[in-house]
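**Q** Sequence plus the predicted model coming up.
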Amino acid sequence: MLAGQEPPEVLHLISELNKKKIDFFGGIFPGLIYGAEKYHTGAIIHAFPVIQRPILIQNISEPSKDLSSYYTPLDKSYKYKPTAFIIADGLSPKIYSFLSSVYNVYADSVHYFGGGAGTPSFKEQPCIFNSDGFFQDSAIIAFVDAKCGLGVQHGWHRIMGPIIVTKSEGNVIKELNWKNAFEVYQEAIETDSGRKIDPANFFEISLNYAFGIYCEGAEDIVRDPLKVNEKGELICAGEVPENAIINILKGEKLSLIKSAETALEDSLSAGDMDVNHCLVMDCIARSMFLEDDFKEEIRTIMKGFESRNIHVVPEGVLSLGEIASREEGVLELFNKTIVIGVFHESTDTAH
């Protein structure tokens, strides 16, 4: 996992690792997490026990591409229910469809954990790599043979809804309640914030808000509106299905920090003391919203481990979309969410 501000020469890195016959995969991310700090340079390198060679899927957004041909059945030699560790290009407009194709093959036979890669500039460019090269609009899946517990929380709360997505295409919302999408969003945000919102300040103000796709009996699945185009359509970080019921969500710092504590609790089973490693996928937009309080979110995780006498240091990435399965096993794409993966297998780490 490489920080995107000053990444190494990736093609040279690939060449050198290939010379040493080291099997590897990775991505460039807006930032890294180690302890309670975030970093915009450097790398986190981790060795995982895997069941088979990681799978590379290129051009995941191509229309009518048959993704199922890429996936191979899992052998039964694993010690634990495997975890499909997925790194995908976080700016791919069809990332949700890609994840659906993965779930159609593996269903709940595996846990799912991962995040969206990309650079701090949010420009579409190569951000995924393995021994075959350096790619964009692509994804890599590695099946990890290690016991894993997952926690998924966001802490955003509803301020308006329900609203029907009456017209959308991929990650573009065109109409809400049969009206222009931006006009509906604009009215709600200006009423709540007392500030005028327009295309020029859209990103700044929308950091405080999000869409929540309604899920019965669970937290809404957050979708992050990134920008508005000249047609008044809202471009989101992840697909929003047509006819979905959504709510407009608002963030409060204490609620987001509390959600990290809940995510850690969810990731740990009763009596779990043999934790070897904690990986965190924390949305770059959460980091930007929390600002200096972001440290408190990660400190909350550290305090949770300390209170249980578990000696691990959280590490991970600031991601463009978070990937995880919920309790019922369904694979989802999240935005503005924190996903904690707690691993219980002896592994090696370098920073």
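**A** That came in fine, so what should we check first?
**Q** neighbours around Tyr214, how many?
**A** Here the number of neighbours of Tyr214 (other Cβ atoms under 10 Å) works out to 15. C-beta coordinates here come from the backbone N, C-alpha and C atoms, glycine included.
**Q** ok, now Ile197?
**A** Counted by other Cβ under 10 Å, the residues lying close to Ile197 total 20.
**Q** what kind of secondary structure is it in?
**A** Counting by DSSP: H, G, I helix; E, B strand; the rest coil, the backbone at Ile197 sits in coil.
**Q** That one touches Leu207, doesn't it?
**A** No. Look at Ile197 against Leu207 with Cβ atoms under 8 Å: they stay out of range, at 11.5 Å.
**Q** Burial check on the residue nearest to Thr119 when sequence neighbours are not counted, number of neighbours?
**A** With sequence-adjacent residues excluded and distances taken as Cβ to Cβ, 6 or more residues apart in numbering, Thr119 is closest to Gly4, at 4.1 Å. Number of residues near Gly4 (other Cβ under 10 Å) recorded here: 22.
**Q** can you tell me how far Gly4 sits from Ile60?
**A** Distance from Gly4 to Ile60, counting by Cβ to Cβ, to the nearest Å: 20 Å.
**Q** Looks to me like Ile87 is in a strand.
**A** Yes. Checked against three-state DSSP, Ile87 lies within a strand.
**Q** Who is it paired with across the strands?
**A** Gly115, Ile140 (DSSP bridges).
**Q** Could I get the buried residue list for the lengthiest strand in the chain?
**A** With secondary structure taken from DSSP state E, the chain has its longest strand at strand 157-169. Of all the residues in strand 157-169, those buried under the rule 16 or more other Cβ atoms under 10 Å are Met160, Gly161, Ile163, Val165, Thr166, Lys167, Ser168.
**Q** same question for it, mean pLDDT?
**A** When pLDDT is averaged over strand 157-169, the result is 94.
**Q** which residues sit against it?
**A** Contact with strand 157-169 is made by 173-178, 181, 184, 188, 192, 209, 212, 214, 220, 239-250, 252, 255, as judged by Cβ atoms under 8 Å, 6 or more residues apart in numbering.
**Q** what does stretch 103-111 give?
**A** 68, 71, 74, 81-84, 112, 143, 148, 150, 325, 328-331.
**Q** for those, which one is nearest His277?
**A** Cys148 (9.6 Å; Cβ to Cβ).
**Q** Please name the nearest non-neighbouring residue to that closest one.
**A** The shortest distance from Cys148 to any non-neighbouring residue, by Cβ to Cβ, 6+ apart, is to Thr83 (4.3 Å).
**Q** which ones are touching that neighbour?
**A** Thr83 sits next to Val110, His111, Tyr112, Phe113, Phe143, Val144, Ala146, Cys148, Gly341, Phe343 when contact means Cβ under 8 Å, 6+ apart.
**Q** One more pass at 6 Å, please.
**A** Contact analysis of Thr83 by Cβ atoms under 6 Å, 6 or more residues apart in numbering lists His111, Phe113, Val144, Cys148.
**Q** which residues touch Arg140?
**A** Check again: residue 140 is Ile, not Arg. Contacts of Ile140 (Cβ under 6 Å, 6+ apart): Phe25, Pro54, Leu56, Ile87, Ile128, Asn130.
**Q** can you give me the strands in the stretch 101-250 of the chain?
**A** Here the stretch 101-250 of the chain has its strands, by DSSP state E, counting those that start in this stretch, at 111-117, 128-130, 133-135, 139-144, 148-153, 157-169, 172-176, 179-180, 209-213, 221-223, 225-228, 234-236, 245-250.
**Q** Identify, among the helices and strands of this structure, the element with the weakest mean pLDDT.
**A** One helix or strand of the chain scores below all others by mean pLDDT, DSSP states H and E: strand 348-350, with a mean of 46.
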